[in-house]
Every structure is written in structure tokens, then in C-alpha cells.
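**Student:** using only what follows, build the 3D model:
(one chain, ligands or ions: 1)
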Amino acid sequence: MPSYKLTYFNFTGLGEPVRFMLSYAGIDFEDERVSDEEWPQYKPQTPLEQVPILEVDGKTLYQSNAIVRFLANKLKLFGSSELEHFEVDAHVETIGDLRSLLFNWTWAETPENKIAKEAEIRKKAAFYLDKLEASVKKNGGYFVGGKLSAADIVFAGFNYVFSYILGNEFLADYPNLKNLVEKVNALPGIKSHIAKRPKTLC
Ligand SMILES: N[C@@H](CCC(=O)N[C@@H](CS)C(=O)NCC(=O)O)C(=O)O
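**Tutor:** Sure, this is the predicted structure:
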């Protein structure tokens, strides 16, 4: 059995989709959470001076979406055909675009710009959420092919931090996405991860 160690900060963020995928599969992993004080020493030791990184038997994987794809391949979470594989990938990228939009707004803007840009950001976020909602509606309760894929797990993995940014009710107008998150969060491995993960703000 390979050993897995995920390193990220002590919040859900970009680490959580990876934590969700490992938990879904029942893979035991060390959940290393680097503090702000430890980070300057840790940073130069990582391939791109960023986290998350996933060490698998000592080999360091980096770039969160590439890690998600690595696990999706291993766990057969890429649909049932080449075209479904593409669809899963495209959805992971779309969720990633939404994630970049929201993270950049929340953590890379000055407080004044944050306020000034709020309406524009919410409109852009709604564009992505509308598209994602339509996919789940069309595809039998999942993003692709009427069955669980990496895209579903990634979206559910971001739900906590998206709720922090957009507000707890951000899925109120998206019943299919809400239902999808509830379904993924109720999968046994993910449910127990959520129950035991450290309580963090985002
Ligand atoms: N494209 C990278 C982005 C990683 C990233 O932005 N990580 C942030 C945390 S969310 C980080 O390590 N920040 C600390 C730093 O850059 O010093 C990925 O998806 O893994």
C-alpha cells in the first residue's frame, strides 16, 4: 500500500478536493497543515513554492488539478468513455475557473477593490454556477454520465470555501448543485472526513 502525505495550509481551499478524493477512496493519508509561521521555511522545498503537494511514496506531486487528475485516473473517476473523460476534465477546469475568480477576489484584492468589484464578481460567479447547474440537471444528478466522477468530488470539496466567500446560501438558487453536494458529502469516506476535519473558517 503506497503512503500518502498531503501538505496544505490549515483550511479547506485548494487542498480539500484532494482530501475529498483520498477520503472517498478510503486511502489513509497524512494531513499535514503548515502554519503561516512555518511556511517561509517550507516554501522553497516545494516544486513551485506553493501548496498543495501530495507525496506518494516520497514522490512529490504538485499543481492541484494535476493531482486531482492523477487520483481520478487511479480511482476510475473519469467517466466511461473518452468523451466522458473529456467532459469530466472540462468540468474540473470550469470549477477551477470559478475557484480562481473567487480566490483572487477574496485574497488578492485590496479591501477597497474588493468592495468595488463585488457585483461584477457575483455576476461572473453566477455565470459559472448557471452552467454547472444546467449540467447536473441534464446529466441525471451528476456532472457527467449520470454517475459519480472527479468533477462532482472537486465541486463538493470547494463547497465550504465557496460558502465562506459567497455566503452560506449561495446554492439556494441551484437545487441540482445543492443536491449534488449533499450526495457527495454523504459518501461514507467523505462524511467521516468532514466529521473529523479541523474546524476552520474557510
Ligand atoms: N496552480 C496552483 C496554485 C497553488 C496556490 O496558489 N497555492 C497557494 C495557496 S491556495 C500558496 O501556496 N500560497 C503560498 C505562496 O504562494 O507563498 C495549484 O492549483 O496547485
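**Student:** so for stretch 102-121, mean pLDDT?
**Tutor:** When pLDDT is averaged over stretch 102-121, the result is 97.
**Student:** check stretch 23-37 too.
**Tutor:** Mean predicted confidence for stretch 23-37 is 98.
**Student:** so which residues on this protein come close to the ligand?
**Tutor:** 13, 14, 43, 50, 51, 52, 63, 64, 65 (C-beta under 6 Å from any ligand atom). No exception for glycine: its C-beta is placed from N, CA and C like everyone else's.
**Student:** can you rerun that using 5 Å?
**Tutor:** Within the chain, the positions near the ligand by C-beta under 5 Å from any ligand atom are 13, 14, 50, 51, 63, 64.
**Student:** out of the residues you listed, which end up buried?
**Tutor:** Buried members of the residues of the chain next to the ligand, counted by 16 or more other C-beta atoms under 10 Å: 13, 14, 51, 64.
**Student:** I'd guessed residue 152 sits against residue 182; true?
**Tutor:** No: Residue 152 is beyond contact range of residue 182, at 11.4 Å (criterion: C-beta atoms under 8 Å).
**Student:** before we move on, the earlier item: inside strands: which ones of the buried ones among the residues of the chain next to the ligand?
**Tutor:** For these, not one is inside strands, with DSSP state E as the criterion.
**Student:** before we move on, back to that, pLDDT added to the residues of the chain next to the ligand, as TSV?
**Tutor:** As requested, the residues of the chain next to the ligand are exported to TSV (pLDDT from 0 to 100):
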residue	pLDDT
13	98
14	98
50	98
51	98
63	98
64	98
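**Student:** I'm done for today, thanks for sticking with me.
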